[in-house]
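K.L.:
Predicted coordinates and the sequence they were generated for:
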Amino acid sequence: MRNLSNILIEIAEVALCDPDGESDPTVRQAALLLASVAWNREAGGDHWQPPSAYGEILRDFGSKSPDFRASLVSPNEEEVILHLRAFKRSHYPDDGRLIKDYSVTPEGRIDVRWKELA
């Protein structure tokens, strides 16, 4: 089974208009957040992580980097999530792990804690 940290990074890059050129850490953090929401909704169902669970975090990202949404494939986070769900469905259809949480280390490594869907 492939390392979920690497998969999350791969999916987050799909959310970016220019993954190779994007250097704003706020944009990358927003893409990671939306990738984790998309993964969990696709693995566990639409009831996982409703907008109320991450909306405040996105608003905080907006206060740090007001145009961060312009760097995403859509300025609408739900459209980004649908795009990322389609990517998960086509690339990892049988991976049912749920992301419990993740963190970015000071060195920039992504650590993902996950569990199997019961």
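P.N.:
Received, thanks.

K.L.:
Let me see the ranges of the helices in this protein.
P.N.:
Counting by DSSP state H, one finds helices in the chain at the ranges 4-14, 25-44, 51-64, 77-91.

K.L.:
in the first one, what's buried?
P.N.:
Read it as helix 4-14. For helix 4-14, a neighbour-count test (16 or more other Cβ atoms under 10 Å) marks 4, 7-14 as buried. Just so you know, the C-beta spots here come from the backbone N, C-alpha and C atoms, and that holds for glycine as well.

K.L.:
and the angle for that helix with helix 25-44?
P.N.:
Going by axes from the mean of the first three to the mean of the last three Cα atoms, to 10 degrees, helix 4-14 is angled at 110 degrees with respect to helix 25-44.

K.L.:
center of the chain - which residue?
P.N.:
Taking Cα atoms, centre = their mean as the criterion, residue 35 is the residue nearest the geometric centre of the chain, at 1.6 Å.

K.L.:
contacting residues for residue 68?
P.N.:
By Cβ atoms under 8 Å, 6 or more residues apart in numbering, the contact set of residue 68 is 24, 26-27, 30, 61-62.

K.L.:
any low-confidence regions in the protein?
P.N.:
Across the chain, residues meeting the criterion (pLDDT under 70) sit at 118.
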